[in-house]
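Student: Make a model of this:
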Amino acid sequence: MAIDRAKELFDAEFVNVQPHSGAQANMAVFLACLKPGDTFMGLDLSHGGHLSHGSAVNSSGILYRPVAYKVDKETGTIDYDQMEETAMREKPKLIIAGASAYSRDWDYERMRNIADEVGALLMADIAHPAGLIAKGILNDPLPHCHIVTTTTHKTLRGPRGGMIMMGENFENPWGLTTKKGTVKKMSMILNSAVFPGIQGGPLEHVIASKAVAYGEALTDSFMEYILQVKKNANVMAKAFIDKGYHVISNGTDNHLMLIDLRTKFPDITGRQVENALVLADITVNKNMVPFDSRSPFQASGLRVGTPAITTRGLKEEHIPAIVELIDQGINKLDDEKALQDVKTEVNRLMKDFPLFAY
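Tutor: Below you'll find the predicted structure:
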């Protein structure tokens with residue numbers, strides 16, 4: 001059921017719903033497509049890329065050779081020309097589209113052209129915008145990417161887990177065959193990479209939850225929800241900009257935004273803000289920003305998103321008050337009394353909104 005619903009939701013020919021997380025879905029694709037030491041290319045981690053796209057402390061950076069493309073310093077958007085130059089020079093065997101903290105849509109068609117130029121496979125990691133892609137709000141990677149991975153929480157709003165998809169199944173490009181001499185399809189290689197390659201038995205209780213989430217995502221109610229997520233994000237990004245914050249790329253196409261604190265608070269770190277806002281019952285993530293001057297443990301930015309508050313029923317008219325409370329918390333991050341006052345106001349604002357309005 002989970003497989004059939006995911007195929008319908010994403011118009012995919014192949015789906016594997018067994019990965020326990022998005023990182024493990026990525027790990028399985030790497031195992032299927034690369035040999036130890038092979039070069040692959042993903043978004044620079046300090047520019048919004050994910051740990052599983054080449055971090056030195058992740059298996060992707062330990063077992064393989066990562067090279068990075070980056071965002072443009074002026075626009076904050078992906079520099080596709082630099083991506084192409086790096087691909088032509090480094091000749092990666094796998095190119096990854098996707099990020100952990102990037103607020104703009106992706107040009108999958110351009111990336112496929114780059115991949116074809118250098119003979120690479122193209123994988124999209126859509127962990128963050130999957131719900132928006134599923135409902136046609138953002139560009140669809142499946143017609144262009146050989147393989148697509150995702151998490152099943154975040155904008156899909158399901159249980160914590162992962163998934164691997166292909167728009168069309170195809171024969172593996174390395175000529176690997178079965179014992180009978182038949183060329184293996186990529187579906188067979190990907191399935192084997194998940195089990196027994198990197199995992200043991202499937203978590204059937206989680207897969208059942210995934211099936212429920214995919215069923216919800218196929219409904220008109222989910223379309224209403226995910227459109228509201230995007231509307232709320234647009235209003236929130238503008239509200240932060242109006243308060244003098246630097247939102248990377250000056251806005252958002254999806255559900256999140258990345259805020260560089262240095263423009264307004266040059267001496268305050270993302271870690272300080274994250275820890276202070278927790279005391280006010282506000283959850284945000286510290287995050288590195290492009291060309292950050294601080295380490296990942298301190299960071300100069302915040303990643304903020306709207307799926308959770310939208311699930312609780314908040315709409316555009318509520319967003320300015322939320323941004324105002326965040327701003328108050330940042331301005332008073334060393335004042336425990338002021339943070340308690342913000343906490344009181346946060347709880348007053350949210351008391352009439354249940355955990356699940358959609």
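Student: what are the ranges of the helices in this protein?
Tutor: Remark: helices assigned in the chain by DSSP state H are 2-10, 22-33, 59-63, 80-90, 108-118, 130-134, 186-192, 204-217, 220-242, 270-279, 307-311, 319-331, 336-350.
Student: deepest of those helices, which one?
Tutor: helix 130-134 (a mean of 27; mean count of other CB atoms under 10 Å). (Glycine included, C-beta is placed from N, CA and C.)
Student: Ser295: neighbouring residues, count only.
Tutor: Residues within reach of Ser295, counting by other CB atoms under 10 Å, total 12.
Student: swap that for Pro143, please
Tutor: 12.
Student: Check Lys91 too.
Tutor: Counted with other CB under 10 Å, Lys91 comes out at 14.
Student: Provide a list of residues in contact with Cys44.
Tutor: Heads up, residue 44 is Asp, not Cys. Residues in contact with Asp44, defined by CB atoms under 8 Å, 6 or more residues apart in numbering, are 68-71.
Student: if we can go back for a sec, adding mean pLDDT and distance to Met163, write the helices of the chain out as JSON lines.
Tutor: Converted to JSON lines, those look like this (pLDDT from 0 to 100; distance: least, CB to CB, whole Å):
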{"stretch": "helix 2-10", "mean pLDDT": "98", "distance to Met163": "6"}
{"stretch": "helix 22-33", "mean pLDDT": "98", "distance to Met163": "6"}
{"stretch": "helix 59-63", "mean pLDDT": "96", "distance to Met163": "18"}
{"stretch": "helix 80-90", "mean pLDDT": "98", "distance to Met163": "26"}
{"stretch": "helix 108-118", "mean pLDDT": "98", "distance to Met163": "18"}
{"stretch": "helix 130-134", "mean pLDDT": "98", "distance to Met163": "9"}
{"stretch": "helix 186-192", "mean pLDDT": "98", "distance to Met163": "11"}
{"stretch": "helix 204-217", "mean pLDDT": "98", "distance to Met163": "7"}
{"stretch": "helix 220-242", "mean pLDDT": "98", "distance to Met163": "17"}
{"stretch": "helix 270-279", "mean pLDDT": "97", "distance to Met163": "29"}
{"stretch": "helix 307-311", "mean pLDDT": "96", "distance to Met163": "18"}
{"stretch": "helix 319-331", "mean pLDDT": "98", "distance to Met163": "31"}
{"stretch": "helix 336-350", "mean pLDDT": "97", "distance to Met163": "31"}
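Student: Out of those helices, flag the one nearest Ile96.
Tutor: helix 22-33 (8.0 Å; CB to CB).
Student: so what does that closest one touch, helix or strand wise?
Tutor: helix 59-63, strand 94-97, strand 121-125, strand 147-151, strand 162-166, helix 186-192 (3 or more CB pairs under 8 Å, 6 or more residues apart in numbering; DSSP states H and E).
Student: Lys351 and Arg312: what is the separation?
Tutor: Going from Lys351 to Arg312 by CB to CB, to the nearest Å gives 11 Å.
Student: Just want to know which of these two has more residues nearby.
Tutor: Arg312 (15 against 8).
Student: Could I get the contacting residues of the more buried one?
Tutor: 350, 353-357.
Student: By neighbour count, which of these wins?
Tutor: Ranking those using other CB under 10 Å puts Met350 first, with 17 neighbours.
Student: In contact with that residue, which residues?
Tutor: Taking CB under 8 Å, 6+ apart as the test, what Met350 contacts is Arg312.
Student: Over to Gly76?
Tutor: By CB under 8 Å, 6+ apart, Gly76 lies in contact with 248-250, 290.
Student: switch to 6 Å and redo it
Tutor: 248-249 (CB atoms under 6 Å, 6 or more residues apart in numbering).
Student: do Leu121 as well
Tutor: So Leu121 contacts 33, 94, 146 (CB under 6 Å, 6+ apart).
Student: Swap in 10 Å and give it another go.
Tutor: 29, 32-34, 40, 92-96, 115, 145-147, 173, 186 (CB atoms under 10 Å, 6 or more residues apart in numbering).
Student: Cheers, nothing more for now.
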